[in-house]
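Undergrad: Show me the folded form of this:
(one chain, ligands or ions: 1)
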Amino acid sequence: MDTFKISQIHFLRKFIEIKDEYNQLVKKRQEAIMKHHLVYYGHEKLRQKADPVTEFDSDLVSLSEAMFKIMKKYNGIGLAAPQIALSKKFVTIDLTSYDKEKLVIVNPEIVWRSEKKGPYDEGCLSIPGIFETVDRPLEVVVNAYNLDGEQIEIKADDILARVLQHEIDHLNGIMFVDHLEEYIRKEYTKELKKIKKMNKQALF
Ligand SMILES: [Zn+2]
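TA: Residues are numbered from 1 along each chain as shown. This is a model prediction of the structure:
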């Protein structure tokens, strides 16, 4: 066999190896997407304090991709891991529909809130169909980590400040309806009961 053929075989082998690796990666990511699904108001994971992320590995990258897919499917702009029944301090934000960025935020802490508050209509993928006005600080500063485990500081106002506060609430077991006046929340008793039942349907 001449060297040309040998190098060709080498090339082919390498190509197959890379293809196999790639296929495995795709399969892993598809599995990650398939195994995660939304949970709804009433699910116990939505009321727990999430645990900090300690491993910044490829599983975390797969998780972020799965979460971005779920957000896209349901037209969400933010998703916290407890919303897919994972008690992890992990949040994905997609503000591309507002001409802003996509963000992956790990172990976030709000370190500053503006005194000035403002109203904004909020909704939540875990409470479908309910939208209500919530008052929150208009600006926040958040310390967090990115997917590579590097520390980041986010100075946010406008829609980003809103989404960050909503999602970080999820990591503390708080949902946006908790911020509503009792009499407003009571108006949604029926709807909330129906939403709770969606957790059982999601199992099948
Ligand atoms: Zn939410």
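
Undergrad: Work out the sheet partners of the longest strand belonging to the chain and label each with its direction, please.
TA: Counting residues, the longest strand found in the chain (DSSP state E) is strand 102-113. As defined by DSSP bridges, the strand partners of strand 102-113 come to strand 90-94 (antiparallel), strand 140-145 (antiparallel).

Undergrad: for the very next helix or strand once past the longest one, packing partners?
TA: Next helix or strand after strand 140-145 toward the C-terminus (DSSP states H and E): strand 151-156. Packing partners of strand 151-156 (3 or more Cβ pairs under 8 Å, 6 or more residues apart in numbering; DSSP states H and E): strand 102-113, strand 140-145, helix 158-171. C-beta coordinates here come from the backbone N, C-alpha and C atoms, glycine included.

Undergrad: Show the average pLDDT along the helix or strand harbouring residue 192.
TA: Residue 192 belongs to helix 189-201 when assigned by DSSP H and E. Averaged across helix 189-201, pLDDT comes to 93.

Undergrad: any idea how far it is from the chain center?
TA: Taking Cα atoms, centre = their mean, to the nearest Å, the mean C-alpha location of helix 189-201 is offset from the chain mean by 22 Å.

Undergrad: In three-state terms, label the residue nearest the centre of the chain for me.
TA: Compute the mean C-alpha point of the chain, and by Cα atoms, centre = their mean the closest residue is residue 79, 2.9 Å away. Using DSSP: H, G, I helix; E, B strand; the rest coil, the structure places residue 79 in strand.

Undergrad: From the recorded domain assignment, give the ranges for this protein.
TA: 1-35, 37-201 (automatic domain parsing).

Undergrad: okay, the angle between the longest strand of the chain and strand 151-156?
TA: Orientation check (axes from the mean of the first three to the mean of the last three Cα atoms, to 10 degrees): strand 102-113 against strand 151-156 gives 80 degrees.

Undergrad: Okay, angle between strand 102-113 and helix 158-171 too, please.
TA: 80 degrees.

Undergrad: can you offset everything so residue one is 28?
TA: Yep, numbering from 28; the last one is strand 129-140 now.

Undergrad: Which residues in strand 129-140 does the neighbour count mark as buried?
TA: 130-135, 137 (16 or more other Cβ atoms under 10 Å).

Undergrad: and after that strand, which helix or strand comes next?
TA: strand 144-149.

Undergrad: quick check: mean pLDDT across that next one?
TA: 96.
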